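Colleague: Predicted coordinates and the sequence they were generated for:
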Amino acid sequence: MKRSEKNGQRLNRREFMRLLAIGSASVVGADLLAACGGGGSETPTTGVGPSPSPSQPSASMGVTPTPVVGASPTPAVGPTETVISGEATPPVSPTGTAGRGLSIDISSIPTSPKEAPDVPNAEDAKRYSGQTITYYGDSVGTGHDFDVAAANKFKEQTGINVKVIPRPKAADQQFQTYSRLFQAKSPNGDVLLLDVIWPPQFAPFLLNLSDSLGDRAQMMYPGTIQASTVNNALVAMPWFTDFGLLYYRKDLLQKYGINNPPATWDELERYAKQVMDAERQAGNRNFYGFVWQGQAYEGLTCNALEWLASTGGGTFIDQNGKVTINNPNAVEMLNRVRGWVGSIAPRGVTTYQEDDSANAFVSGSALFCRQWPYVYALASAEDSKIRGKFDVTALPARSGEPHAATIGGQSLGISRFSQHQEAAIEFVRYLTSPEVLAWRAIAGSYAPPMPGVSEIPEIVEQRPFLKVQATRVARPSAQLGTRYNQGSNAIYQGVHNIENGADAKTVLPTVAQQLQSLLGSS
């Protein structure tokens, strides 16, 4: 196999941004169609080589794009439903029968993030023994531990050395890092961990994996493959899916006579205050009722989307491109959130990202926590103060409204400028194997994008979040296109102002105007 493109002169900024914009714009319609259940996923048939030529740019592509750090639609895991901008569609099924009926000996799967399973494709990969590839991997939670363990096992059994570099934690910094690598045509980023919306953005710079990993793609949920397919070419492989959850201390609810977790925001607020007050009277002065990701960054956009979608407040921008964020239900809910800060939540919650809120919950300092699936493993660890004392459920909603969960996830791409593409392909084949996905689900509570793994009874029993039923809601990446990052910035800055005391009634009209302006220029 030959390299898809030789490293040559560095791309100038204008050419790089042109390719970036075309890569993004060519799939906006496809993303929306896939998300709304409007078409089956066609399995790509082109070979490994350069990514496909982008479709002809539209008139809007003359605008210099900004990094997109949102999440495109991904499928529900388990018996849930998917919603895009307020319109529900039935759960998706796998692309074929290959995704189910896998034969995995669960007893042989390691249970520690620092011990990876064997490499099923080791014999084929040994052909590239002695080569070194660079992998830009995870930096949240125990993600880096998993990456290092997998890289070590891969080297041990194939002879291929994998240099693991944790990517920056902030999504915009991640995007900038990858952009610099691609603009420089750098060979130093072979395998890249990508937000699910980035494969379309970076398609001109990613290897087409259709032939080399097409069989593996058939085993995945189709929505994840659709999100990674650009112009009929598979430019990334799904690795795990994400969705918002409510973690809660079941022992404390029981202690204070509360039989069930909160189903509504009214109940959450009431239970949080009741338990917090009682715990403080008992001497636990630093205990709070509820924590979330409240800093002005992408995580706050995810939280805000769930707050609004679960209370009749819409999804920021509907599927027809109408800005809906400024409405009475949204005003009411966000002003309610403002009231939580400094009462049932610490004032510092407005500085929290994922690891901050996870630490507050796992350390035993919070009754409720909005988080992603990865926290389940942290809270279940042997050194966790709340091991065996917590559970997980759908996020609350207003009575009569759907429980909402923002969707996300990560995929793996290979740079076209890699000098060791075959070795990189074998590494991605290993990382997306059923064995590794099962290991990450068991040892790290990462939700598998493969139904044959996510439906294994032993895994579902150990990771009950896979059974949580909620309406999945997507951020407005399809509507905003290359302007999504600016749109999300307007949303989370506005919501952050509300958290810090501003009235949503005065903030949301400005946010709506900003979104409308971006829609007009995207």
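Modeller: Perfect, I can see it now.

Colleague: The stretch 301-450 of the chain: helices as residue ranges?
Modeller: Using DSSP state H, counting those that start in this stretch, the helices of the stretch 301-450 of the chain run over 328-340, 354-362, 374-380, 421-431, 434-444.

Colleague: what packs against the third one?
Modeller: Using 3 or more C-beta pairs under 8 Å, 6 or more residues apart in numbering; DSSP states H and E as the contact criterion, the neighbours of helix 374-380 among helices and strands are strand 245-249, helix 354-362, helix 434-444. Every residue, glycine included, has its C-beta placed from N, CA and C.

Colleague: Against which helices or strands is the shortest one packed?
Modeller: For strand 245-249, the contact count by 3+ C-beta pairs under 8 Å, 6+ apart identifies strand 366-371, helix 374-380, strand 390-393 as packing neighbours.

Colleague: which of the ones you listed is buried the deepest?
Modeller: Highest mean neighbour count of these: strand 366-371, a mean of 28 (counted as mean count of other C-beta atoms under 10 Å).

Colleague: Tell me which of the helices and strands packed on strand 245-249 lies nearest to residue 440.
Modeller: Shortest distance between residue 440 and the helices and strands packed on strand 245-249, using C-beta to C-beta, is found for helix 374-380: 9.2 Å.

Colleague: where's that closest one relative to the chain centroid, distance-wise?
Modeller: Its chain's average C-alpha position is 16 Å from that of helix 374-380, according to C-alpha atoms, centre = their mean, to the nearest Å.

Colleague: what sits up against that helix?
Modeller: With contact meaning C-beta atoms under 8 Å, 6 or more residues apart in numbering, helix 374-380 is reached by 113, 140-143, 247, 358, 361-362, 369, 384, 386-387, 390, 392, 443-446, 463, 465.

Colleague: From those, list just the buried residues.
Modeller: 113, 140-143, 247, 358, 361-362, 369, 384, 386, 390, 392, 443-446, 463, 465 (16 or more other C-beta atoms under 10 Å).

Colleague: Low-confidence stretches in the stretch 1-150 of the chain?
Modeller: 1-9, 12-101 (pLDDT under 70).

Colleague: Ok, the stretch 401-522 of the chain next?
Modeller: Counting by pLDDT under 70, the stretch 401-522 of the chain contains low-confidence residues at 521-522.

Colleague: Strands of that one, residue ranges please.
Modeller: Applying DSSP state E, counting those that start in this stretch to the stretch 401-522 of the chain gives strands spanning 404-414, 471-473.

Colleague: Identify the neighbouring strands of the shortest one in the sheet and state each direction.
Modeller: Looking back up the chat, that one is strand 471-473. As defined by DSSP bridges, the strand partners of strand 471-473 come to strand 81-84 (parallel), strand 404-414 (parallel).

Colleague: Quick one: closest of those strands to residue 274.
Modeller: strand 404-414 (24.5 Å).

Colleague: Only C-alpha atoms, please: export the closest one in CSV.
Modeller: Presented in CSV, the C-alpha positions along strand 404-414 are these (Å, rounded to 0.1, in the frame of the first residue of the first chain):
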residue,chain,number,x,y,z
ALA,A,404,-33.3,14.9,27.6
ALA,A,405,-29.7,13.9,27.1
THR,A,406,-27.2,15.8,24.9
ILE,A,407,-25.4,13.4,22.6
GLY,A,408,-21.7,13.2,21.8
GLY,A,409,-18.9,10.8,21.4
GLN,A,410,-15.4,10.3,19.9
SER,A,411,-14.0,8.7,16.8
LEU,A,412,-10.5,7.7,15.5
GLY,A,413,-9.1,9.2,12.3
ILE,A,414,-5.8,8.7,10.5
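
Colleague: mind putting the helices and strands packed on strand 245-249 in a markdown table, distance to residue 335 and mean pLDDT included?
Modeller: What follows is the helices and strands packed on strand 245-249, written out as a markdown table (distance: least, C-beta to C-beta, whole Å; pLDDT from 0 to 100):
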| stretch | distance to residue 335 | mean pLDDT |
| --- | --- | --- |
| strand 366-371 | 18 | 99 |
| helix 374-380 | 28 | 95 |
| strand 390-393 | 25 | 98 |
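
Colleague: Output the ones you listed as JSON lines; include the columns distance to residue 186.
Modeller: JSON lines is the format used below for the helices and strands packed on strand 245-249 (distance: least, C-beta to C-beta, whole Å):
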{"stretch": "strand 366-371", "distance to residue 186": "34"}
{"stretch": "helix 374-380", "distance to residue 186": "29"}
{"stretch": "strand 390-393", "distance to residue 186": "41"}
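
Colleague: so can I have JSON lines of the helices of the stretch 301-450 of the chain showing distance to residue 488?
Modeller: Shown next, in JSON lines, are those (distance: least, C-beta to C-beta, whole Å):
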{"stretch": "helix 328-340", "distance to residue 488": "16"}
{"stretch": "helix 354-362", "distance to residue 488": "16"}
{"stretch": "helix 374-380", "distance to residue 488": "21"}
{"stretch": "helix 421-431", "distance to residue 488": "28"}
{"stretch": "helix 434-444", "distance to residue 488": "27"}
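
Colleague: Quick check: which of these is nearest to residue 156?
Modeller: Smallest distance to residue 156 across those (C-beta to C-beta): 11.8 Å, for helix 421-431.

Colleague: Report the distance from the closest one to the chain centre.
Modeller: With C-alpha atoms, centre = their mean, you get 22 Å for helix 421-431.

Colleague: picking that back up, can you tell me which of the strands of the stretch 401-522 of the chain comes nearest to residue 458?
Modeller: That would be strand 404-414 among the strands of the stretch 401-522 of the chain, by C-beta to C-beta, at 22.6 Å.

Colleague: quick check: angle from the closest one to strand 366-371?
Modeller: Going by axes from the mean of the first three to the mean of the last three C-alpha atoms, to 10 degrees, strand 404-414 is angled at 50 degrees with respect to strand 366-371.

Colleague: Pull out the buried residues from the helix or strand where residue 172 lies.
Modeller: Using DSSP states H and E, residue 172 falls within helix 171-183. Buried positions in helix 171-183, judged by neighbour count with 16+ other C-beta under 10 Å: 171-172, 174-175, 177-179, 181-183.

Colleague: again with stretch 392-401
Modeller: 392-398, 401.

Colleague: which outside residues touch the helix or strand in which residue 134 is found?
Modeller: For residue 134, the host element (DSSP H and E) is strand 132-137. Identification of contacts with strand 132-137 by C-beta under 8 Å, 6+ apart yields 143-144, 147, 151, 160-167, 177-178, 188-193, 418, 420, 423-424, 427.
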